[in-house]
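Novice: just need the structure, nothing else, for what follows:
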Amino acid sequence: MNLIFYKNLIWVYYKNKDYYSFIILISRLTFRDALLRNFNRFSRVRFTEENSSVSIKSFEISGVFCITAGVPLVLVFAIRGSPAMFALGTLMLAIAALRRDGKSAVWARLTSVFSQVHFAVLAVFFVFSALTIVYSPDVKRSVHLLIWEFSVPIVLAGTATALFPRGMEPFAGKWLLAGIGLTAALLIADIQLGFPMLNAIQVNPHDFDYNRAMITMSILIIPAFTLLSRMTLSKPDWRLATLALVAGLLSFVAIFMGVSETAKMALIICIIGFGFFKFLGKGAVTAYAIGMTALIALQPYWGDIISTAYDAVKSDHLVLFPSALERIEIWQSYGAATRNHLLMGTGFGSSGKLELTSVIADVSPEYQEFLGAWHPHNNFLQIWSETGIFGGLLSWLFMMAIVVKARGFVRSLSPATFAFIATVSAIALISHGAWQAWWITAIGAGALVLVVAAREQSAPKD
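Specialist: Numbers count the residues shown, from 1 in each chain. Below is the predicted model of the structure:
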């Protein structure tokens with residue numbers, strides 16, 4: 001029976017790419033045997049307040065584990081599995097909150113989170129994106145991307161943030177550090193041994209299959225260290241400091257052993273960014289806001305600007321590797337398509353399909369080659385390309401709302417928060433597609449940990 005179950009698990013996940021059916025299977029794996037073994041005993045135990053309290057605590061602990069340690073760790077075994085793990089954790093937190101506080105209190109907490117400005121901007125973007133799907137070349141794919149790859153991870157992140165239980169901050173900090181450390185250790189071992197684990201798990205393994213785990217670690221490191229600093233501010237703990245040191249060193253080694261140049265860049269940016277925002281303070285935040293405004297506004301010309309700049313400085317000692325040059329050409333192709341459909345874009349989810357549409361006829365021949373690329377490898381350019389100037393404006397409003405929100409955190413958290421925002425922005429500017437659930441889940445998990453750290457900072461001390 002177990003062999004059949006594992007076979008079904010692998011088939012559903014890797015063949016159908018159905019993240020949320022995966023949750024159901026994981027739930028069966030976790031709870032089925034325990035329920036069968038203990039059914040008779042449970043049926044004879046009278047329900048008491050004490051039993052209820054234990055049950056709620058168990059759900060809270062399991063949920064916090066899933067949305068912290070589980071997010072990077074699962075990516076070693078299932079390269080797109082973090083959304084399912086985060087969803088499972090959010091489900092457990094929701095069950096615990098409903099059992100403990102009731103529907104009214106849960107609804108009030110959800111409303112307080114989702115009524116914030118940045119979520120309102122995302123809601124408007126969702127509605128507008130849904131309208132643009134009408135002229136997308138692949139409507140079914142676009143609907144899938146809008147719902148499952150974009151909207152559901154955002155809703156899960158907001159829900160988990162709203163329902164994160166008080167008093168679980170220490171667990172979150174320890175487990176996130178442990179999850180990062182264990183993920184890094186597994187990656188180091190598998191890379192050193194020639195990828196035996198990857199070859200056993202993946203049908204068609206590639207060395208870049210671990211890139212998602214590497215990028216997720218690079219995003220989560222600074223929130224993890226930030227929460228640790230909040231926990232040890234009044235009472236230093238050498239064991240937590242040792243755990244943090246080991247996790248940091250292992251993740252550094254793993255990332256620089258891997259092939260993800262984006263993860264390496266992100267790790268460097270988060271370190272430099274922390275120093276930049278720490279020492280320059282409000283001036284650094286203003287500089288970031290101005291720079292982000294300029295970058296978003298220039299996206300239709302981004303590829304041409306980078307290409308011109310590179311031509312001006314390249315020499316025998318400064319030559320980009322082929323994949324970087326190809327990425328610049330992809331930006332140029334999508335930039336040309338964007339300029340020809342500036343008002344309404346080419347339709348949400350149209351990236352990767354433009355070579356099959358009339359859009360390609362509107363683009364100069366020298367820019368047509370890379371319109372078949374799966375996405376522009378630039379989140380901001382992808383938003384411009386697919387949803388036009390209105391989508392670009394909404395992306396700017398969202399980033400500015402995040403800046404305002406982050407400035408509302410306690411002053412001691414400001415450098416770490418803005419270093420996290422800058423790191424995510426840099427990855428979004430040069431790397432993968434915007435509508436990928438694992439990517440939005442990584443951002444959501446990091447943002448949640450920073451919110452928890454802010455809560456820990458503002459909580460009254462005994």
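
Novice: got any ranges where this structure has weak pLDDT?
Specialist: For the chain, the stretches with pLDDT under 70 are 1-54, 232-234, 315-320, 456-462.

Novice: max-length helix in it?
Specialist: Ranked by residue count and defined by DSSP state H, the top helix of the chain is helix 379-407.

Novice: which residue, other than its chain neighbours, is closest to residue 397?
Specialist: Spatial nearest neighbour of residue 397, excluding adjacent residues (CB to CB, 6 or more residues apart in numbering): residue 121 at 5.0 Å. (Each C-beta comes from the backbone N, C-alpha and C, glycine too.)

Novice: identify the residues contacting the helix or strand containing the one you found?
Specialist: When elements are assigned from DSSP states H and E, residue 121 belongs to helix 117-132. By CB atoms under 8 Å, 6 or more residues apart in numbering, the list of residues contacting helix 117-132 from outside reads 113, 146, 150-151, 154, 158, 344-345, 347-348, 386-388, 390-391, 394-395, 397-398, 401-402, 404-405.

Novice: beyond that helix, next helix or strand please.
Specialist: Criterion used, DSSP H and E; the element after helix 117-132 is helix 139-144.

Novice: just say helix, strand or coil for the most centrally placed residue in the chain.
Specialist: Central residue of the chain (CA atoms, centre = their mean): residue 442, 2.3 Å from the mean position. Following DSSP: H, G, I helix; E, B strand; the rest coil, we place residue 442 in the helix state.

Novice: the helices in the stretch 151-300 of the chain, which residues?
Specialist: When assigned using DSSP state H, counting those that start in this stretch, the helices of the stretch 151-300 of the chain occupy the ranges 152-163, 169-192, 196-201, 211-231, 238-257, 261-280, 282-297.

Novice: need those helices in a markdown table with mean neighbour count and distance to residue 117, can you?
Specialist: Formatted as a markdown table, those follow (neighbours: other CB atoms under 10 Å; distance: least, CB to CB, whole Å):
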| stretch | mean neighbour count | distance to residue 117 |
| --- | --- | --- |
| helix 152-163 | 22 | 13 |
| helix 169-192 | 21 | 25 |
| helix 196-201 | 14 | 41 |
| helix 211-231 | 25 | 21 |
| helix 238-257 | 17 | 33 |
| helix 261-280 | 18 | 22 |
| helix 282-297 | 15 | 15 |
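
Novice: what's the closest of those to residue 339?
Specialist: Between residue 339 and the helices of the stretch 151-300 of the chain, the shortest gap by CB to CB is with helix 282-297, which sits at 13.3 Å.

Novice: tilt between that closest one and helix 379-407?
Specialist: 150 degrees (axes from the mean of the first three to the mean of the last three CA atoms, to 10 degrees).

Novice: show me what helix 282-297 is packed up against.
Specialist: helix 261-280, helix 379-407, helix 414-430 (3 or more CB pairs under 8 Å, 6 or more residues apart in numbering; DSSP states H and E).

Novice: using CSV, write down the CA coordinates of it.
Specialist: Provided in CSV are the C-alpha atoms of helix 282-297 (Å, rounded to 0.1, in the frame of the first residue of the first chain):
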residue,chain,number,x,y,z
LYS,A,282,16.6,57.5,5.5
GLY,A,283,18.8,58.7,2.7
ALA,A,284,19.3,55.1,1.5
VAL,A,285,15.5,54.5,1.6
THR,A,286,14.9,57.7,-0.5
ALA,A,287,17.7,56.6,-2.9
TYR,A,288,16.1,53.2,-3.2
ALA,A,289,12.6,54.7,-3.9
ILE,A,290,14.0,57.0,-6.6
GLY,A,291,16.0,54.3,-8.2
MET,A,292,13.1,51.8,-8.2
THR,A,293,10.9,54.5,-9.8
ALA,A,294,13.4,55.0,-12.6
LEU,A,295,14.0,51.3,-13.2
ILE,A,296,10.3,50.5,-13.5
ALA,A,297,9.7,53.5,-15.8
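
Novice: contacts for the helix or strand following that helix?
Specialist: Next in sequence after helix 282-297, counting helices and strands by DSSP H and E, comes helix 302-313. With CB under 8 Å, 6+ apart as the test, helix 302-313 has contacts from 295, 298, 320, 328-335, 378, 380-381.

Novice: give me that answer again for 6 Å
Specialist: 328, 331-332, 335, 381 (CB atoms under 6 Å, 6 or more residues apart in numbering).

Novice: got it, and stretch 436-449?
Specialist: By CB under 6 Å, 6+ apart, stretch 436-449 touches 71, 80, 82-83, 86, 149, 153, 157, 160-161, 212, 216, 219-220, 223, 227, 420, 424.

Novice: which positions within it qualify as buried?
Specialist: 436-449 (16 or more other CB atoms under 10 Å).

Novice: stretch 73-81 too?
Specialist: 73-76, 78-81.

Novice: so which of those sit within strands?
Specialist: With strands taken from DSSP state E, there is no overlap with these.

Novice: returning to that earlier point: distance to residue 357 for the helices of the stretch 151-300 of the chain - can I get that in a markdown table?
Specialist: Shown next, in a markdown table, are those (distance: least, CB to CB, whole Å):
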| stretch | distance to residue 357 |
| --- | --- |
| helix 152-163 | 27 |
| helix 169-192 | 39 |
| helix 196-201 | 36 |
| helix 211-231 | 29 |
| helix 238-257 | 38 |
| helix 261-280 | 29 |
| helix 282-297 | 25 |
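
Novice: wait, which of the ones you listed is closest to residue 61?
Specialist: Taking the helices of the stretch 151-300 of the chain one by one with CB to CB, helix 169-192 is closest: 6.6 Å.
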